[in-house]
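Q: Below is the sequence, then the predicted model.
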Amino acid sequence: MLALVGQGGAGPHDLARMERQQGGLYWSAADSQWYAEPKRLAELGYLRHRKEPGRTRERTHYTLTPAGRAALKRWIAAPTGLPRIQHEGVVRVLAGDIGGDEAVLGSLASLRNEVAAQRARLCEAEQVAETLPHRRRYLLLVHRLGNLMLDAHERWLDEVEAELS
């Protein structure tokens, strides 16, 4: 959350928009969490908030406090491990000996559509990155990983389909 608030700050609506733009590829949370978590972090002294005019009503805008910036710097410097991946498609392939190849292939068919939809979201996110010069190169690095992950899914689907067809 602190990383998403970043240098320029963000409101809960901005955080929820960021989550929607990445489509759950890197993280996922209910919209309500994007509103509750910044409040909690502000109570802990990691964020400060102010009210800003919005289109229809005032909006809350959060920025990092010195304590939040220090906590984020410590977290950034800590070792990074491999991500945990929850992948239902993998589990369905593992159960193929019970369900059958045709059922596995049928269930994986929708994954191609999701990959295409995610690519479209990443394309939009890359356009948004161009409007954020202070974060542009970092956002583009993250989007590159997203595209590589989607490439890997497409290659894996090709292999599964070739093997099970």
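A: Now that the structure is in, tell me what you want to look at. Note that this is a predicted model, so its numbers are computed, not measured.

Q: From now on I want contacts and neighbour counts done on CA atoms only, so please keep to that.
A: Will do.

Q: Need the pLDDT of residue 23.
A: pLDDT recorded at residue 23 is 74.

Q: Give me the distance between it and residue 120.
A: 10 Å (C-alpha to C-alpha, to the nearest Å).

Q: what about those two, which has more around it?
A: With neighbours defined as other C-alpha atoms under 10 Å, residue 23 and residue 120 compare such that residue 23 has more, 17 against 13.

Q: so the nearest residue to the more buried one once chain neighbours are set aside is in which element?
A: Among residues not flanking residue 23 along the chain, residue 118 sits closest, at 6.6 Å (C-alpha to C-alpha, 6 or more residues apart in numbering). Here residue 118 is covered by helix 101-129, with elements defined by DSSP states H and E.

Q: same question, residue 157
A: helix 136-164.

Q: Could you tell me the angle between that helix and helix 101-129?
A: Interaxial angle, helix 136-164 versus helix 101-129 (axes from the mean of the first three to the mean of the last three C-alpha atoms, to 10 degrees): 170 degrees.

Q: Quick check: mean pLDDT of helix 136-164?
A: 95.

Q: Who are the contact partners of residue 28?
A: Residue 28 makes contact with residue 19 under the criterion C-alpha atoms under 8 Å, 6 or more residues apart in numbering.

Q: Which of the three states applies to it?
A: Look at residue 28: counting by DSSP: H, G, I helix; E, B strand; the rest coil, its state is coil.
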